[in-house]
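**Q** only geometry, no sequence info:
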């Protein structure tokens, strides 16, 4: 499982010209599920997202977590995180889990995050989404389990 985490001052998802979700200060999480992933990987990633200390404290050091700053989350399914472009010019997505595996794990991780974070928004699984963000910092972290 891969999660590309971007610290944002705002982020949103638009589908067919309609904004379906938006957040202010927090994380935009692009989540990719690979073949063989289980709830164990999802639990690991959820814990990292909630406790990753990349928000500044009073001294300007990255020392606070999403929970510490009452941040919000926008979680978007992103199978292309498993695109392999080492050969040729067209990426292969054979490592990405099929929807019947990835969608339940995506929903599971969102449920885990909602148990701790009061504002978790999502994209729509499998939809053609337009994702907008203002990266704060910029701070971008790739997590993998």
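**A** Ah, there it is. Just so it is clear, the model here is predicted, and its values are computed rather than measured.

**Q** so which residue is smack in the middle of this protein?
**A** For the chain, the residue nearest the mean C-alpha position is residue 29 (1.7 Å; C-alpha atoms, centre = their mean).

**Q** who is it paired with across the strands?
**A** Counting by DSSP bridges, residue 29 is bridged to residue 5, residue 75.

**Q** please report how far it lies from residue 117.
**A** Separation of residue 29 from residue 117 (C-beta to C-beta, to the nearest Å) stands at 11 Å. Glycine gets a C-beta too; all of them are placed from N, C-alpha and C.

**Q** find the residues that touch each one of the two.
**A** residue 73 (C-beta atoms under 8 Å, 6 or more residues apart in numbering).

**Q** still on that earlier bit, list the contacts for the residue nearest to the centre of the chain?
**A** 3, 4, 5, 6, 49, 73, 74, 75, 76.

**Q** quick one: which of these is nearest residue 36?
**A** Distance to residue 36, by C-beta to C-beta, is smallest for residue 3 among the contacts of residue 29, at 16.3 Å.

**Q** and that closest one, what element?
**A** Taking DSSP states H and E as the definition, one finds residue 3 inside strand 2-15.

**Q** ok, longest helix in the chain?
**A** In the chain, assigned by DSSP state H, the helix with the most residues is helix 99-114.

**Q** beyond that helix, next helix or strand please.
**A** With secondary structure assigned by DSSP H and E, helix 99-114 is succeeded by strand 120-122.
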